[in-house]
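Okay, sequence plus prediction incoming.
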2 protein chains.
Amino acid sequence: MYPSIVFIPSFLLAPGEEPAGLLLQMLLVFTSAKLLAEVAEQLKQPSVVGQLVAGILIGPSVLGWVHPTEFLAVLSELGVMFLLFHVGLELRGFQLTRIGLEALLPATLGVILPFMGGIAVMMAIGHPTVEAIFVGAALVATSVGITAHVLASKGLLEERASKVILAAAVIDDVLGLLVLAVVSGLAKGRINFVELGLTTGLAVGFTVLVATWGKKAMAQIVPRVEKRTLSVDGEFTLSIILLFGLSLLAIHAGVAAIIGAFLAGMALAGNVGDRVHQMTSGVTEFLVPFFLVGIGLHLDLSVFRHGSTILLAAIILVVACVTKFLGCGLGSMHLGWADATRIGAGMIPRGEVGMVVAQIGLGLRIIPQDVYGTVVFMSIATTILAPPLVTLSYRSLMRREPAGTVSE
Amino acid sequence: MYPSIVFIPSFLLAPGEEPAGLLLQMLLVFTSAKLLAEVAEQLKQPSVVGQLVAGILIGPSVLGWVHPTEFLAVLSELGVMFLLFHVGLELRGFQLTRIGLEALLPATLGVILPFMGGIAVMMAIGHPTVEAIFVGAALVATSVGITAHVLASKGLLEERASKVILAAAVIDDVLGLLVLAVVSGLAKGRINFVELGLTTGLAVGFTVLVATWGKKAMAQIVPRVEKRTLSVDGEFTLSIILLFGLSLLAIHAGVAAIIGAFLAGMALAGNVGDRVHQMTSGVTEFLVPFFLVGIGLHLDLSVFRHGSTILLAAIILVVACVTKFLGCGLGSMHLGWADATRIGAGMIPRGEVGMVVAQIGLGLRIIPQDVYGTVVFMSIATTILAPPLVTLSYRSLMRREPAGTVSE
């Protein structure tokens, strides 16, 4: 009942039993992340890259000190939720519904091109159609956490391109849900269009509703809670409840928890005091390394025993980068070359979403083990490639002293 | 591999599968804790009591919405670690080795009386000797988290009695280790005195060493880390690493992780800036409800099916309260009646430590199921009884506007 990390004195452990295993894992993950983030900074690289490399280094691929566990996965998910919450909280004058209109085209093209591109290339090199469709679906969804972290830490969240990226990521998530629903329907042999319509309506409705009314509702509720409660930190408590509540509702509405977390942050932006910013940034700083290292932990280099797998991985990686960059870039050409490049680069990371799609395909026995491995590789590799590209594309906008809200 | 809380859209769930189960649990625990804390405040009761009652209410005993899981247990342990870390960080001019001398007598008598009292009463009502010794051992260790929370939230940490309580809790932990080692040796049929001496030496050595040199070492290290690193939050990073590092070392040295966490906080007190205080208080506020609710979740009223168990529970509870209060109180009579009362009341909670001892006894088949149940009940009941007693004993010292560092 009481496990693992605290109260069992060592003389009561069974031989070979590690005392405080979870605590040791947490210490290793956090320390290696911060150490390599610092190394990356010293080498003038984004700190995110250092933390991802930390995961690869201490993970099964290299040193084998830490293996992915369910506990670390939960910490990782909490980390990216707090990250998006914090990004939403820091945004000033961000109206999702208005910027969403500008982001609609890049988001849509950024879904269609990778999906079609993935299918076409997989079929061209001789894979079965259903398998190709699943790989295409795995290339669709952008994982915005990495880009959000880079932009926040460089103090670039207020730039127009950054706001379009955030809005596009929300739309991308809903479109990704749609693609996944269709593809899963195909795999099971039937697509229920009524259900599909309802799913889409619920996801869009939830997002638009909270984005439109959330802030106004909080402007009413926050002062009342502050006035009526005796608790010292009513604002902070309310923030955490909204974060978890909207994340949970988001999942039930069919979108990712991080979208709910982002909406919660946006609803509170401007309505809560500095103390809430500092306190949630504490939780964020504590948990985000688990998100970044967690991605690196999932890299499994053992899939590359055969030359053919390496070739396949290289092809999928190139298709993933090029189609997303072109799709999102072309869709935002009306904002000018510079912003189009930024948006294209910012949408490249697939992170955990691609991995989940691949895992569903593996579970349904639609994609074989080696293709699964290459999709996981693509997810991680796009995540590592994106931060330098984002930094490069924003170079002309960067001040000499970045006022980061999420630390490097 | 990727479980539970985030990315699985509901149409992919198996029938009956709960999406985001962990997220829902976290929301229920956090919200109920804060809600009942507020109710307790409105009724002029300590907020801790509200949070413990929240755990009983949503737990298996009453509503059955949330059951104790390993994940919640880990959050709970992290919560009490951050709590003690934060208490250590807030203390000004606290020298453990100096105050430890004043606390030595109350701590020692507060171990001997419950141990002997427990054994005597259990044998008097006809239980076997080994069983009586185990129950005695379960009555020994104070769980200081609850009292620390009450004192911090009322802004009473700087009072002399509070400092003696904190120091006594550290000594109590080492003595508790000793008692547990002897009792486990008895149960296994042999006591290795050399090992016992080494264990004690290691625990005492670690604690004294860190308490004496930790602050001076950090005074050297913190400014250098701040100067040399490019990272924005070097101080916060260092704090978290020290917290986890010393907690881990503490476990290996044979004392509880929270002692290491407390020592880490003390070492950093005065050496880090306000930002670290705010950020760690964010993590603490977020995690502490899991600690408090977690205790309530473990209450199992089903042990009270027989009248004899109720009587046994009542007897053990009275012995637990009276012996600890008298032991610690008598030991600190040289500080005057008022402080002696405060110290006696503050040391009453047994919390999770008593439960662990009972569980070890159950695992070794030394204590039967009903005695186990009553010891768990005693652990929780002392925890609920203590906060009002502590508040009462400190009444004459309380200002009208408490400047709490850990919120109510």
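Happy to help now that I have it.

all helices in the stretch 1-150 of chain A, in order from the N-terminus.
A:21-42, A:47-58, A:70-90, A:96-124, A:129-138, A:145-153 (DSSP state H, counting those that start in this stretch).

residues in the stretch 101-250 of chain A within reach of chain B, list them.
Applying Cβ under 8 Å from any Cβ of the partner chain, we find that the stretch 101-250 of chain A lies next to chain B at A:153, A:177, A:180-181, A:184, A:195, A:199, A:229-233, A:236-237, A:240-241, A:244-245, A:247-248. C-beta here means a position set from N, CA and C on the backbone, and glycine is covered the same way.

just to revisit the earlier point, could I get the helices of the stretch 1-150 of chain A as TSV with mean pLDDT, distance to residue B:128 and mean neighbour count?
Shown next, in TSV, are the helices of the stretch 1-150 of chain A (pLDDT from 0 to 100; distance: least, Cβ to Cβ, whole Å; neighbours: other Cβ atoms under 10 Å in any protein chain shown):
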stretch	mean pLDDT	distance to residue B:128	mean neighbour count
helix A:21-42	92	35	21
helix A:47-58	91	50	26
helix A:70-90	89	39	25
helix A:96-124	94	68	20
helix A:129-138	92	63	24
helix A:145-153	90	58	27
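
want to throw those into TSV with distance to residue B:78?
What follows is the helices of the stretch 1-150 of chain A, written out as TSV (distance: least, Cβ to Cβ, whole Å):
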stretch	distance to residue B:78
helix A:21-42	8
helix A:47-58	20
helix A:70-90	10
helix A:96-124	33
helix A:129-138	34
helix A:145-153	22
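
can you list the weak-confidence ranges in the stretch 201-350 of chain A?
Applying pLDDT under 70 to the stretch 201-350 of chain A flags residues A:231-232.

Could you identify the longest helix within chain A?
In chain A, with assignment by DSSP state H, the single longest helix is helix A:193-228.

Mind giving me the packing neighbours of the strand or helix carrying residue A:372?
Element membership of residue A:372 [criterion: DSSP states H and E] is helix A:369-393. Helix A:369-393 sits against helix A:47-58, helix A:129-138, helix A:145-153, helix A:274-297, helix A:307-331, helix A:337-346, helix A:351-363, with contacts defined as 3 or more Cβ pairs under 8 Å, 6 or more residues apart in numbering or on different chains; DSSP states H and E.

can you pull the buried residues of the last one?
It stands for helix A:351-363. A:351, A:352, A:353, A:354, A:355, A:356, A:357, A:358, A:359, A:360, A:361, A:362 (16 or more other Cβ atoms under 10 Å in any protein chain shown).

by how many degrees do that helix and helix A:47-58 diverge?
Between the axis of helix A:351-363 and that of helix A:47-58 there is an angle of 40 degrees, by axes from the mean of the first three to the mean of the last three Cα atoms, to 10 degrees.

measure residue A:289 to chain B for me?
In this view, residue A:289 and chain B are 9 Å apart by Cβ to the nearest Cβ, to the nearest Å.

just to revisit the earlier point, going on from the longest helix of chain A, what's the next piece of helix or strand?
Next along the chain after helix A:193-228, taking DSSP H and E as the criterion, comes helix A:234-253.

so that next one versus helix B:21-42, what angle?
150 degrees.

ok now helix A:234-253, how far from the chain's centre?
18 Å (Cα atoms, centre = their mean, to the nearest Å).

between the next helix or strand after it and helix A:70-90, what angle do the directions make?
Scanning forward in sequence from helix A:234-253 by DSSP H and E, the next helix or strand is helix A:257-268. Counting by the same axes, to 10 degrees, helix A:257-268 lies at 30 degrees to helix A:70-90.

And the nearest residue to residue A:31 once chain neighbours are set aside, how far from residue A:38?
Residue nearest to residue A:31 in three dimensions, not counting chain neighbours: residue B:241, with 5.4 Å by Cβ to Cβ, 6 or more residues apart in numbering or on different chains. Note on residue B:241: its distance to residue A:38, by Cβ to Cβ, to the nearest Å, is 12 Å.

Also residue A:191?
For residue A:191, the distance to residue A:38 (Cβ to Cβ) stands at 50 Å.

cool, and residue A:298?
23 Å.

Of the residues of the stretch 101-250 of chain A next to chain B, keep whichever come out buried.
Among those, the ones that count as buried by 16+ other Cβ under 10 Å are A:153, A:177, A:180-181, A:184, A:199, A:229, A:231-233, A:236-237, A:240-241, A:244-245, A:247-248.

how about stretch A:102-117 as PDB, C-alpha atoms only?
Provided in PDB are the C-alpha atoms of stretch A:102-117 (Å, rounded to 0.1, in the frame of the first residue of the first chain):
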ATOM      1  CA  GLU A 102      -5.500  33.200 -39.900                       C
ATOM      2  CA  ALA A 103      -4.300  29.800 -38.700                       C
ATOM      3  CA  LEU A 104      -7.000  27.800 -40.500                       C
ATOM      4  CA  LEU A 105      -5.200  27.500 -43.800                       C
ATOM      5  CA  PRO A 106      -1.700  26.700 -42.600                       C
ATOM      6  CA  ALA A 107      -3.200  24.100 -40.100                       C
ATOM      7  CA  THR A 108      -5.300  22.500 -42.800                       C
ATOM      8  CA  LEU A 109      -2.500  22.300 -45.400                       C
ATOM      9  CA  GLY A 110      -0.200  21.100 -42.600                       C
ATOM     10  CA  VAL A 111      -2.500  18.200 -42.000                       C
ATOM     11  CA  ILE A 112      -3.300  17.300 -45.700                       C
ATOM     12  CA  LEU A 113       0.200  17.300 -47.000                       C
ATOM     13  CA  PRO A 114       1.800  15.000 -44.400                       C
ATOM     14  CA  PHE A 115      -1.200  12.700 -44.600                       C
ATOM     15  CA  MET A 116      -1.200  12.400 -48.400                       C
ATOM     16  CA  GLY A 117       2.600  12.500 -48.600                       C
END
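
what residues does that stretch touch?
Stretch A:102-117 is touched from outside by A:136-137, A:139-140, A:142, A:164-165, A:167-172, A:175-176, A:179, A:319-320, A:322-324, A:326-332, A:335, A:343, A:347, with contacts defined as Cβ atoms under 8 Å, 6 or more residues apart in numbering or on different chains.

Who are the contact partners of residue A:298?
With contact taken as Cβ under 8 Å, 6+ apart, residue A:298 is in contact with A:55, A:59, A:68, A:355, A:376, A:379, A:380, B:1.

What's the ChimeraX line that selects buried ones from the residues you listed?
In ChimeraX syntax, the buried subset of the contacts of residue A:298 is picked out as below (16+ other Cβ under 10 Å):
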select /A:55,59,68,355,376,379,380
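
Show me which of the contacts of residue A:298 is closest to residue A:21.
residue A:68 (14.3 Å; Cβ to Cβ).
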